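>>> Provided below are the primary sequence and the corresponding predicted coordinates.
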Amino acid sequence: MDLRFPYSPAEVAKVRVVQFGILSPDEIRQMSVVHIEHSETTERGKPKPGGLSDPRLGTIDRKMKCETCMANMADCPGHFGHLELAKPMFHIGFMKTVLSILRCVCFNCSKILADEEEPKFKQALRIRNPKNRLKKILDACKNKSKCEGGDEIDVQGQDTDEPVKKTRGGCGAQQPKISIDGMKMVAEYKIQKKKNDDPEQMPEPVERKQQLSAEKVLSILKRITDEDCQLLGLNPKFARPDWMILQVLPIPPPPVRPSVMMDTSSRSEATQRSGRPIKSICSRLKAKEGRIRGNLMGKRVDFSARTVITPDPTINIDELGVPWSIALNLTYPETVTPYNIERLKELVEYGPHPPPGKTGAKYIIRDDGQRLDLRYLKKSSDQHLELGYKVERHLNDGDFVLFNRQPSLHKMSIMGHKIKIMPYSTFRLNLSVTSPYNADFDGDEMNMHVPQSFETRAEVLN
């Protein structure tokens, strides 16, 4: 039994609900074990108190103990610290949510802009889903240019017997149009004419923009009441709008952000460990071997081979000399029939490493799709063949292949040939076939493609 977790007869409670929320600045301070005050992590080779590697946060050194729980590196999970920001900052994860809330509340009194008597607002209050309710309230408030929110007041016409009715009296402040520009928020006001002004002397309305600081947005969000938070789809106990602005930054412990050991030798920073210069971003992208042409636009082709071509006047005009190394690597799936079963049994017996001058096979594909690798089949019973099985055999003399020289400018750039397995490591080509390929033998390379079905073999023959 682990002594760190002794037995307890207490009943273990069952988890009923998991509640997610945003940490408030006060909660971050309460869970913190150290206030980070210095940007330096080490001092004289040891973690600096008040720095990002303060010993109270936890340890990643086997020889040191955590100063908070006095446990070693294996037992201490780490403890959070906190950093007091000099000024509030926008949180990139909440920018769109903050923008939606700002468009729903008054810029001056932080009351919801929509009137309770509006049909859209009443319809929004009936929505249970908080996210959808915020969208509906935003739809009701998006065309508001003046504050209509506020506390309910009694309104009754003077010298009339009309019944008393309740309306939402607002502060009447003009509302700007708020937008996001990167990590900035911009408020755009429209200057309007007054009724008493002479229209001929008044200039045209002009747009006035001002950048909203995080401090200004924080002051607006702090004034939103808990009741309005509920209407906007937020639970004030777990996620108030002003908590979406960073005021205190939680600092994760070193065990979850381990330090990277840097090479402290005198080697230049512009070179890799091997000594080669580090490539710039530009050189990594451009040129033939770059990311674009070399990787993104490149592709792999199966059952193909490429090597240098050399002339051979002793082979027929329709033949292609193929090296043994290529013939024993590429395969063709041949179906087992009563006419070829004995020949295929011999190839399977030779396996992937046949004796010199012979070809073999690599795989057996059964009729149920099971693929057997002949490299690992030691028993002869596993090599049993039945009609309908497929044997992926090596290339043999007389197999038909496609031969291509780039650039492929016309249809004769790809033609069919009958292979002849030969020694050495180059493709052998009759000199009379060079004209359609526009080939010469000064180092040209050509591609060979092996058909994988009867249909493609028939197309090559025609």
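Nice, thanks for sending it over.

>>> List the buried residues for stretch 213-221?
214, 217, 218, 220, 221 (16 or more other CB atoms under 10 Å). C-beta coordinates here come from the backbone N, C-alpha and C atoms, glycine included.

>>> Can you show me the helices along the stretch 151-300 of the chain?
Assigned by DSSP state H, counting those that start in this stretch, the helices in the stretch 151-300 of the chain fall at 214-222, 226-231, 281-285.

>>> Mind putting these into TSV with distance to residue 52 and mean pLDDT?
Below are these laid out as TSV (distance: least, CB to CB, whole Å; pLDDT from 0 to 100):
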stretch	distance to residue 52	mean pLDDT
helix 214-222	23	93
helix 226-231	34	90
helix 281-285	29	89
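
>>> residues contacting the residue lying closest to residue 107 once chain neighbours are set aside?
Leaving out its chain neighbours, the residue that sits closest to residue 107 by CB to CB, 6 or more residues apart in numbering is residue 175, at 5.7 Å. Contacts for residue 175 (CB atoms under 8 Å, 6 or more residues apart in numbering) come out as 106, 107, 113, 144, 145, 146, 147.

>>> Next one: the fourth one, what pLDDT does it get?
So the one you mean is residue 144. Per-residue confidence (pLDDT) for residue 144: 82.

>>> got it, and the first one?
Model confidence at residue 106, given as pLDDT, is 90.

>>> ok so, going back, please narrow the contacts of residue 175 to those residing in helices.
With helices defined by DSSP state H, no entry of these lies inside them.

>>> okay, the residues you listed in JSON lines with neighbour count and distance to residue 396 next?
As requested, these are exported to JSON lines (neighbours: other CB atoms under 10 Å; distance: CB to CB, whole Å):
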{"residue": "106", "neighbour count": "25", "distance to residue 396": "85"}
{"residue": "107", "neighbour count": "19", "distance to residue 396": "83"}
{"residue": "113", "neighbour count": "25", "distance to residue 396": "82"}
{"residue": "144", "neighbour count": "18", "distance to residue 396": "82"}
{"residue": "145", "neighbour count": "11", "distance to residue 396": "84"}
{"residue": "146", "neighbour count": "12", "distance to residue 396": "88"}
{"residue": "147", "neighbour count": "23", "distance to residue 396": "88"}
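
>>> Residue 306 touches residue 449, doesn't it?
No - between residue 306 and residue 449 there is no contact under CB atoms under 8 Å: 10.0 Å.

>>> Looking at the two, which one has more neighbours?
The residue with more neighbours, out of residue 306 and residue 449, is residue 449; 19 against 13, by other CB atoms under 10 Å.

>>> which residues does that one contact?
Going by CB under 8 Å, 6+ apart, the list of residues near residue 449 reads 301, 303, 304, 401, 402, 403, 404.

>>> Without its sequence neighbours, what residue ends up closest to the third one?
This means residue 304. In this structure, residue 304 finds its nearest non-sequential neighbour in residue 449, 4.9 Å apart by CB to CB, 6+ apart.

>>> Do you know the pLDDT at the most centrally placed residue in the chain?
With distances taken as CA atoms, centre = their mean, residue 93 lies nearest the centre of the chain, 16.3 Å away. Listed pLDDT for residue 93 reads 92.

>>> do the same with residue 393
pLDDT, read off for residue 393, is 95.

>>> pretty sure it contacts residue 363?
No - contact criterion CB under 8 Å: residue 393 and residue 363 do not qualify, at 9.1 Å.

>>> Compare neighbour counts for these two and give me the winner.
Neighbour tally, residue 393 and residue 363, criterion other CB under 10 Å: the higher count belongs to residue 393, 22 against 18.

>>> Give me the distance between that one and residue 453.
According to CB to CB, to the nearest Å, residue 393 stands 14 Å off from residue 453.

>>> and what of residue 227?
72 Å.

>>> Just to check, residue 402 is in contact with residue 416?
Yes - the criterion here is CB under 8 Å, and residue 402 meets it with residue 416 at 6.0 Å.

>>> overlap in contacts of those two?
With CB under 8 Å, 6+ apart, residue 402 and residue 416 have common neighbours residue 460.

>>> name the helices or strands packed onto the helix ranked longest in the chain?
Looking across the chain with DSSP H, the single longest helix is helix 130-141. The contact analysis (3 or more CB pairs under 8 Å, 6 or more residues apart in numbering; DSSP states H and E) places helix 130-141 against helix 95-102, helix 119-125.
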